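Engineer: Give me coordinates for this.
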Amino acid sequence: MQKIDLVFRSVGERTAEASLDLAIKHIQPHQVHIIENAKPFAKAVELMLAIDYDCDYVVAVDADCLIMEDMVPFLQSNNFPYLDCYVLDKFRGNIHCGVHITRIDVIRMMQRIPVPKDDAKYVLRPESRLRALALKELNLGKIFKPFKIFHDFFQYYREIFAKYALRELRSRTEYHQQKLNFHQEEWQCQEDDLDFKVANYAVEYARKIVAANASPQEIAKFIENLPEIARAELEKQNISEKIPFRLEEAWNLISNFDSQQRLSRKTMKVFGIGMGNTGNTNLTIALNQLGIHVLHSLNEEILLKELMAGNYNLSVFNEFNGITATAVAPFFPQLDRIYPDSKFILTVRDKESWLDSVKELWEAKPVDDSLDKDPKNYLRMLQRIAIFGTYKFNRERLSYIYDLHYQMVREYFKDRPESLLVMDICGGEGWEKLCPFFKLPLVDVPFPFKNKD
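Structural biologist: Below is the predicted model:
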């Protein structure tokens, strides 16, 4: 039996007591380590890494998360080095945050990694930065898995302010800024919920106060002072704080969520079935902005094993409306049969440009025959063989597969134009094609052309 340690981190969240009780109930930890009121978050990470663990896995849970399902069966069978949990967040939908499952060898490596100096990534995301460095050192990767976890539904206004001021600082790229702007538009439609007004106010405050070219030291100082800033700004806005949390507040949410999930399993699914490097990432972002919750890389290993075993009742649909991972592309006829009335989006690209892009990617991430026990190497090999029939770049072979896939998809859906959309995102096509396909009005924000992957 695997030993699971729980690290519970709290800075006085409104849900802290209930969150801890639910975490203990649904994780059944060998030991519980509580880190309270460690600010800024880098201090909490420091304390977490100072613990002398005697376990196989560490599950870190933030006190803004309510775990509403039994995680023990998964934890006892899990052998992945690191797993980020997808949660349902009040402000941003399905995101991965708040609950992290880390194997002890990764924790040990994190304990040995020196704290980066003057590193903006560390200042903004200290735990994530150290973990990424540790995984790189160990040549390991991470996966994602959805659980029934509710995040930030019942927090104090001061916590919401501090969190979304920080969120603005973490969103200072064109791509992330577009996402944040989109969420702000959604919040403005929630006129009866003060939570959304506070979040929006915090974002605008951080934009105004912290310069775009602020140094890591200036950003760190702002983050350190956020609790006091939040209280002062809410007082200026005459916003009185909430009363303490009662678990009863969660039951209606849970009941409504369950019924929504049962309904969503019966509704259409959305599949991105283009080859990799044809704008799949951009498509994923755009669909989520439209409220169609899809994933691009939930857990390619589990997904590939399900597909290659002929199990098309994909586990991803326990929580999400669709998937755009390249792994689903060859299986579109089977997915169409098991999920009738679904929508399929074939992203395309100028073929010579696509071949050059794939060549560059494959040369940067080669498959080494001598590393067949390396999980990332094995997964890369498995996926390339499943889709292309080769794991070494072969221009003629990949050109043939690209043409064949395009022809097969067009032929399969030739009498069902309502089921298939062909999009050249890399060529500049965006909302004007995507929105009418779902019978939605055009979106008044820039299309997320993050890159031309």
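Engineer: now the strands for the stretch 1-150 of the chain?
Structural biologist: 4-10, 31-36, 57-62, 65-67, 82-89, 93-103, 143-151 (DSSP state E, counting those that start in this stretch).
Engineer: Please pull up the helix or strand immediately following the last one.
Structural biologist: The helix or strand immediately downstream of strand 143-151 is helix 157-169, counting by DSSP states H and E.
Engineer: So what touches that next one?
Structural biologist: 11, 13-14, 64, 91, 124, 152, 155, 180, 194-195, 198-203, 205-207, 210, 219, 222-223, 226-227, 229-231, 233-234, 239, 241-242 (Cβ atoms under 8 Å, 6 or more residues apart in numbering). Bear in mind the C-beta positions are built from the backbone N, C-alpha and C, glycine included.
Engineer: do the same with stretch 224-236
Structural biologist: Residues from elsewhere that reach stretch 224-236 (Cβ under 8 Å, 6+ apart): 11, 39-40, 157-159, 161-162, 165-166, 198, 201-202, 205, 222, 241.
Engineer: just to revisit the earlier point, for the strands of the stretch 1-150 of the chain, which one sits closest to Cys189?
Structural biologist: Taking Cβ to Cβ, strand 93-103 is the member of the strands of the stretch 1-150 of the chain nearest to Cys189, at 14.1 Å.
Engineer: hmm, who's touching that closest one?
Structural biologist: With Cβ under 8 Å, 6+ apart as the contact definition, strand 93-103 has outside contacts at 56-62, 64-65, 67, 75, 78-89, 110, 127, 131, 144, 146-147, 149, 151, 288, 291, 293, 295, 319-320.
Engineer: got the angle for it vs strand 82-89?
Structural biologist: Angle, strand 93-103 to strand 82-89, by axes from the mean of the first three to the mean of the last three Cα atoms, to 10 degrees: 150 degrees.
Engineer: Centre of the chain to strand 93-103, how far?
Structural biologist: Centroid separation for strand 93-103 versus its chain: 8 Å, with Cα atoms, centre = their mean, to the nearest Å.
Engineer: rewinding a little: deepest-packed of the strands of the stretch 1-150 of the chain, please.
Structural biologist: strand 65-67 (a mean of 26; mean count of other Cβ atoms under 10 Å).
Engineer: could you give the mean pLDDT of it?
Structural biologist: The pLDDT scores in strand 65-67 average 95.
Engineer: So which of the contacts of stretch 224-236 is the closest to Thr173?
Structural biologist: Leu166 (15.3 Å).
Engineer: the bottom helix or strand of the protein by mean pLDDT?
Structural biologist: For the chain, counting by mean pLDDT, DSSP states H and E, helix 248-264 ranks last in confidence among helices and strands (a mean of 58).
Engineer: Rounded mean pLDDT for the helix or strand immediately after it in the chain, please.
Structural biologist: Toward the C-terminal end, the helix or strand that comes next after helix 248-264 (DSSP H and E) is strand 270-272. Averaging pLDDT along strand 270-272 yields 93.
Engineer: ditto for stretch 203-218
Structural biologist: Mean predicted confidence for stretch 203-218 is 94.
Engineer: Over to stretch 21-40?
Structural biologist: pLDDT averaged over stretch 21-40 gives 95.
Engineer: Are any of the contacts of helix 157-169 buried, and if so which?
Structural biologist: Buried subset of these (neighbour count, 16 or more other Cβ atoms under 10 Å): 11, 13-14, 64, 91, 124, 152, 155, 180, 195, 198-203, 205-207, 210, 219, 222-223, 226-227, 229-230, 233-234, 239, 242.
Engineer: for this structure, which helix is longest?
Structural biologist: helix 216-236 (DSSP state H).
Engineer: what inclination does that one have with respect to helix 157-169?
Structural biologist: Going by the same axes, to 10 degrees, helix 216-236 makes 140 degrees with helix 157-169.
Engineer: Can I get helix 216-236 as PDB, trimmed to CA atoms?
Structural biologist: These are the backbone C-alpha positions of helix 216-236, laid out as PDB (Å, rounded to 0.1, in the frame of the first residue of the first chain):
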ATOM      1  CA  PRO A 216      11.200  40.900 -10.400                       C
ATOM      2  CA  GLN A 217      12.100  42.700  -7.200                       C
ATOM      3  CA  GLU A 218       9.200  45.200  -7.600                       C
ATOM      4  CA  ILE A 219       6.800  42.400  -8.500                       C
ATOM      5  CA  ALA A 220       7.900  40.500  -5.400                       C
ATOM      6  CA  LYS A 221       7.300  43.500  -3.200                       C
ATOM      7  CA  PHE A 222       3.800  44.100  -4.600                       C
ATOM      8  CA  ILE A 223       3.000  40.400  -4.000                       C
ATOM      9  CA  GLU A 224       4.300  40.600  -0.400                       C
ATOM     10  CA  ASN A 225       2.000  43.600   0.300                       C
ATOM     11  CA  LEU A 226      -1.100  42.200  -1.500                       C
ATOM     12  CA  PRO A 227      -3.000  41.100   1.700                       C
ATOM     13  CA  GLU A 228      -2.800  44.700   3.100                       C
ATOM     14  CA  ILE A 229      -3.500  46.200  -0.300                       C
ATOM     15  CA  ALA A 230      -6.600  44.000  -0.700                       C
ATOM     16  CA  ARG A 231      -8.100  45.100   2.700                       C
ATOM     17  CA  ALA A 232      -7.400  48.800   2.000                       C
ATOM     18  CA  GLU A 233      -8.900  48.700  -1.500                       C
ATOM     19  CA  LEU A 234     -12.000  46.900  -0.500                       C
ATOM     20  CA  GLU A 235     -12.500  49.400   2.300                       C
ATOM     21  CA  LYS A 236     -12.300  52.200  -0.300                       C
END
